[in-house]
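This is a predicted model, with the sequence first.
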Amino acid sequence: MDMMATPARATCRLSETQVRFRPVVVIVGPTAVGKSRVAVEVAKAFETEVLTADSRQVYRGMDVGTDKPALQERQAVPHRLIDLVNPDEPFNAGLYRRQAIDEIERLYRDCRLPLVVGGTGLYVRTLLKGLCDAPQADPIVRAALRQEAKDHGHDRLYARLVDVDPVAAARLHPRDESKVIRALEVYQLSGRRMSAFQEEHRFAERPFSALIIGLNRDRATLYRRIEERIDWQLSHGLIEETKQLLAQGYQRDSAAMKGLGYRQVAEHLAGECDVGEMVLRFKRDTRYFSKRQMTWFRKEPGIQWLTIQESESVQHTATQVIGQVDRFLATLGNQG
């Protein structure tokens, strides 16, 4: 039986000295690992809010498929940086960083600790380390590249990237269309490789003092949790949610609708596969996605990993995270 209790603290607010260090706590990990529920308990302990770092939860109307926090969790702890744009509106890491920094500055003014939680590694990296000085997105170039992918397939685009920027290509999955298009776009607009811009920048900005905690589980447990969550999503309205989005005019080839769950359900609704095959694809693709997330995070320096045991309660994990945060804050100056 898990008897560990949340340790008491004299104050949940940051001292003025600590605020000057601009502390940020980040909780990352693969999908379905349990980040959100742990984050709610940590946020309660520090009387703060959850700043979400999830590239799919920014879209309005995409709730079940992106596993947005339940109403009960949102009532207990405010969640920011979700429901920012409609599914057909553009959104990227730069826009995320701008809005996240606004939220962080608001919390600092109230002497509260920013708590960033999510599985979108690029959003976290961009927030903590800034953006490289590559050209801004060009809608005409981007539309042409998307049309090329639609007409000739992902492999052709990826082969082009291998030719012009093999370093960037090696870092990307051939099916990661948005990132492949971005790298080609940068090359077409500037004549320079995306990898060259990234090498110059090296994501070297350090605007915050960050504690990054990574949550993980053994692979078998994580995959079981992924499958259980997908079963829950399908039984709690994901198919209906996808139908509604399509009826509202959002196209299957849009970035939002290509997300996990929506893509597979849309294929089923279009008659391209039966329900059984749809579920198999959904679970398989989500397992692959979790592996890519872990590959990304393992390459990121400075993450303090915490492996959650299968029998471990949310409160137990949260208590361990809270202890790490307390020790981190103690290094930034006296409490109070």
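Now that the structure is in, tell me what you want to look at.

where exactly do the helices run in the stretch 101-250 of the chain?
Counting by DSSP state H, counting those that start in this stretch, the stretch 101-250 of the chain has helices at residues 121-129, 139-152, 154-164, 166-171, 177-190, 194-201, 219-235, 238-247.

Return the distance of the shortest one from the chain's centre.
How far helix 166-171 lies from its chain's middle: 22 Å, per CA atoms, centre = their mean, to the nearest Å.

what packs against it?
helix 154-164, helix 177-190, helix 194-201 (3 or more CB pairs under 8 Å, 6 or more residues apart in numbering; DSSP states H and E). All C-beta spots, glycine's among them, are computed from the backbone N, C-alpha and C.

what would those helices look like in a markdown table with mean pLDDT and mean neighbour count?
Putting the helices and strands packed on helix 166-171 into a markdown table (pLDDT from 0 to 100; neighbours: other CB atoms under 10 Å) gives the following:
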| stretch | mean pLDDT | mean neighbour count |
| --- | --- | --- |
| helix 154-164 | 89 | 16 |
| helix 177-190 | 87 | 20 |
| helix 194-201 | 74 | 17 |
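
Those: which one's closest to Arg292?
Proximity to Arg292 (CB to CB) singles out helix 177-190 among the helices and strands packed on helix 166-171, at 11.2 Å.

residues in contact with the closest residue to Asp165 other than its chain neighbours?
Nearest residue to Asp165, sequence neighbours excluded (CB to CB, 6 or more residues apart in numbering): Arg193, at 4.0 Å. Shown in contact with Arg193 (CB atoms under 8 Å, 6 or more residues apart in numbering): 164-165, 167-168, 183, 186-187.

hang on, the earlier thing: select, out of the helices and strands packed on helix 166-171, the one closest to Val314.
Distance to Val314, taken as CB to CB, is lowest for helix 177-190 among these, at 32.8 Å.

who does that closest one touch, helix- and strand-wise?
Partner elements for helix 177-190 (3+ CB pairs under 8 Å, 6+ apart): helix 139-152, helix 154-164, helix 166-171, helix 194-201.

swap the cut-off to 7 Å and go again
helix 139-152, helix 154-164, helix 194-201 (3 or more CB pairs under 7 Å, 6 or more residues apart in numbering; DSSP states H and E).

Now do the strands in this structure.
23-28, 50-52, 79-80, 115-117, 209-216, 303-307 (DSSP state E).

Dump those to JSON lines, plus distance to Arg60 and mean pLDDT.
Shown next, in JSON lines, are the strands of the chain (distance: least, CB to CB, whole Å; pLDDT from 0 to 100):
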{"stretch": "strand 23-28", "distance to Arg60": "24", "mean pLDDT": "98"}
{"stretch": "strand 50-52", "distance to Arg60": "14", "mean pLDDT": "98"}
{"stretch": "strand 79-80", "distance to Arg60": "14", "mean pLDDT": "98"}
{"stretch": "strand 115-117", "distance to Arg60": "20", "mean pLDDT": "98"}
{"stretch": "strand 209-216", "distance to Arg60": "27", "mean pLDDT": "97"}
{"stretch": "strand 303-307", "distance to Arg60": "31", "mean pLDDT": "97"}
